[in-house]
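Chemist: 3D, please:
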Amino acid sequence: MLGQNIGETANGLAAAILQAAAAQPLYTGEVACFLAERRRLQPAAALDNGMSFFERAAGFDVSGLYAISLRGWEAAVPVHCDMETDGGGWTLLQQRRNDSQVVFARSLRQYEEGFGLTGNSHWLGLRAIAALTERGLHTLRVDMWADEHQYAEYDGFWISGADYVITVGKYCGTAGDGLYKQHGQKFVACGLNQASRRDKTAHGFQSKCQGGGWWDSQKTEDTNLNGVRNPNTGDLEAHWVTRNAHFVPRVSAMKIRPVQRIAIGK
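Modeler: The predicted structure follows:
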């Protein structure tokens, strides 16, 4: 009976820990997903198989919600880490579904700070993206799903300055180069093109926005994965526009990892 009670207690504790881990970001103590991916915790004494699974998950090699440390930031930042795609180590910057209930027609201030549900439809935030990319050259990967999966990768990516100007490198992939017009452009949200111009209200102008925030484009003929307003339905639809193609992905995900990935001992 005593052994059974201990076993039940262990199972309950393991289940509680797993439930908490699912609800709260797991703090990595690292500055990016690619470092968390390489880190492995020393296995602790496992109470049962459930606890052993948790210890493996805590090795940071499973895709999910984590918290990372950014230089100069007091609080840890919750991010979604993709530890599976093409070797893993990706930090998600954006994820969006065209049928999402998360509103992407927002002010520049909100795009600076980030919004949405990390791991679901969300925008990480321009300030966080700038802090991540200032640490070295990163690869940008954009995964999109319409009738089929397509992707675009750029071997250099960063944003900089008060206007969050985007720089992208050489393209490869299956989706076509949809950022050829955005390279070197400033970020625009609801018609505002400078970070010094603040919005007095958070939601009062959403219906006036022609699209979600993006790099100097809210036009239907240009790429905007945060959505361009459909004049017929009023809905925000993502657009990926290349030199010779134009399609509307149902789902998009933007993610980055360093170009030179550091091999840290397991």
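Chemist: What lies in contact with stretch 135-153?
Modeler: 31-32, 71, 85-86, 90, 132, 154-158, 168, 171-179, 225, 238, 240, 247-260 (Cβ atoms under 8 Å, 6 or more residues apart in numbering). Bear in mind the C-beta positions are built from the backbone N, C-alpha and C, glycine included.
Chemist: Identify the residues contacting V165.
Modeler: V165 neighbours (Cβ under 8 Å, 6+ apart): 159, 184-187, 215.
Chemist: Report the buried members of the contacts of stretch 135-153.
Modeler: Neighbour-count burial within the contacts of stretch 135-153 applies to 31-32, 90, 132, 154, 157-158, 168, 171, 173, 175-179, 225, 238, 240, 247-249, 251-258; the criterion is 16 or more other Cβ atoms under 10 Å.
Chemist: So which of those are in strands?
Modeler: Judged by DSSP state E, the buried ones among the contacts of stretch 135-153 include 90, 154, 157-158, 168, 171, 173, 225, 238, 240, 247, 251-258 as members of strands.
Chemist: pLDDT weak spots in the protein?
Modeler: Applying pLDDT under 70 to the chain picks out residues 1-60, 191-208, 217-220, 260-266.
Chemist: quick check: domain ranges of it?
Modeler: In terms of domains, the chain is parsed into 1-83, 91-266 (source: automatic domain parsing).
Chemist: all strands for the stretch 101-250 of the chain, in order.
Modeler: 115-116, 122-123, 138-145, 149-160, 165-168, 171-173, 187-188, 214-215, 224-229, 236-241, 246-247 (DSSP state E, counting those that start in this stretch).
Chemist: could you dump those strands to a markdown table with distance to G64?
Modeler: A markdown table is the format used below for the strands of the stretch 101-250 of the chain (distance: least, Cβ to Cβ, whole Å):
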| stretch | distance to G64 |
| --- | --- |
| strand 115-116 | 16 |
| strand 122-123 | 14 |
| strand 138-145 | 17 |
| strand 149-160 | 21 |
| strand 165-168 | 28 |
| strand 171-173 | 25 |
| strand 187-188 | 28 |
| strand 214-215 | 27 |
| strand 224-229 | 22 |
| strand 236-241 | 24 |
| strand 246-247 | 29 |
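Chemist: Tell me which of these sits nearest to S107.
Modeler: S107 lies closest, by Cβ to Cβ, to one member of the strands of the stretch 101-250 of the chain: strand 115-116, at 10.0 Å.
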